[in-house]
Structures are given as C-alpha cells and as structure tokens.
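Below are the sequence and a predicted model; questions follow.
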Amino acid sequence: MNAFAASVMLAERAMAIEAAGAVRAIYEVGFWLSLLATDPLKALEALEIDEHDNAIQREILLREEHPSDAAVVAASLKREAHHVAKLAKRKSLSVKKIAQTMPKRSGYLEYRLVSAFYGHLSSSSLDGLKKRNGKGGVTNILGPFETEIPKALSFALDAMLRCTRYFEVMMKEGRQPDRLEKAHRTLLGLQDAP
C-alpha cells in the first residue's frame, strides 16, 4: 500500500518517472504473494535462499571495499562461509521465474515495461526525457514530466489490483471473486481509450 500511495503522490506532483519507478515494488510483492498463495513451501524456501544469497553478495562487496583490512576480511569470510553452508548450492528464483509460476497475465510484461523505461537509465528513458522542438532537434525535459502521468497511474493501478487479487487468494478470501477482475477489465478498457 505504501508504494501505491507513494506512486500516486509522486504522480500528483508531475513526477511520473519516479511514480512509475515506485510501482516496481508493487509488482514484485504481487509475484511473491501469488507464489505464497499457490506454493507456500516453495515461496518460503525461495525467500530463505534469497536471504542467504544476498548476504553472500554483501560480504563480497564488503571485502572489495576493505581489501587491506585483515580483520574485516577474516570476519567477512567467516560470515560468508556460514551463508554458503546454509545455501547448500540452492539457487535463487528470479522475478521472471516467480512470475512464470503464476496463471496467465501475471503482470510480468508490465513489470518489465516499468523496469525498462522508468526503473533505470536507458536509451528509452533518456529519449522519454526529451521533447521534440519541431526543428529536427530535441530539448531536454528538466523537472515535471506531465505527459507520462496517465501511464504511471495506470501502471500503479494495474499493479495494485493484481497484488490485491493475489493477497485475496493467499488469504482464501472469495466472497466477491469477480470484483477485482471487473476493476481490472475497466482499467484495461481505459488504457485502450484514445
């Protein structure tokens, strides 16, 4: 909910790039909720693996930052060995792999669109921050990016609807099963409108 509220507040301030960037977290939570709902043991194991894998990566980075500090390196190697033993050669699940465990229309495509255009610097995001000046050139847009507000809000609503649906499945809440599907169809219809 916080990421959704943040994306709406950022969009209200015409900070559409930042608003859509906050949406990535909503999609990721939705993917994890879906996996928790459909295969809780696999999800819990994947979370454990992810925790140990991230700890190993942090230790490697720590040693790269402090290569000449023997005490730091020794302590880091000891901690890393603990996590390697707990990991036991198991591999992390990527977001893509988690999304592939979901039913059709998982939201992974939307997640990738948000990630590619809004989530990090790319030629697409840089191109989006320019406006055509009518003379064959471009002018950089510094500041609010009003033209992307509808897309940012659309992504935020899409991600939140999906996440809510996965949460309902996980909680076995089924009193109004069509409610979120109807809302999602309405959103898709609005997205297709000229």
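Sure thing, it's come through. Here the structure is a predicted model, which is why all the values come from computation and not from measurement.

hey, C-alpha coordinates of stretch 39-49 in PDB?
Backbone C-alpha positions of stretch 39-49 (Å, rounded to 0.1, in the frame of the first residue of the first chain) are rendered in PDB as follows:
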ATOM      1  CA  ASP A  39       3.100 -23.000  -3.200                       C
ATOM      2  CA  PRO A  40       3.900 -21.600   0.300                       C
ATOM      3  CA  LEU A  41       6.800 -24.100   0.900                       C
ATOM      4  CA  LYS A  42       8.500 -23.200  -2.400                       C
ATOM      5  CA  ALA A  43       8.000 -19.500  -1.600                       C
ATOM      6  CA  LEU A  44       9.400 -19.800   1.900                       C
ATOM      7  CA  GLU A  45      12.400 -21.700   0.600                       C
ATOM      8  CA  ALA A  46      13.000 -19.200  -2.200                       C
ATOM      9  CA  LEU A  47      12.900 -16.300   0.400                       C
ATOM     10  CA  GLU A  48      15.400 -18.200   2.600                       C
ATOM     11  CA  ILE A  49      17.700 -18.800  -0.400                       C
END
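
residues making contact with that stretch?
In this structure, residues lying in contact with stretch 39-49 by CB atoms under 8 Å, 6 or more residues apart in numbering are 32, 35-36, 86-87, 90-93, 98, 101. No exception for glycine: its C-beta is placed from N, CA and C like everyone else's.

Would you tell me what helix or strand the residue most central in space within the chain is located in?
Per CA atoms, centre = their mean, the C-alpha nearest to the average position across the chain is that of residue 24, at 2.8 Å. Following DSSP states H and E, one finds residue 24 within helix 16-38.

about what we covered before: among the contacts of stretch 39-49, name the buried ones.
Burial by neighbour count, 16 or more other CB atoms under 10 Å: within these this picks out 32, 35-36, 87, 93, 98, 101.
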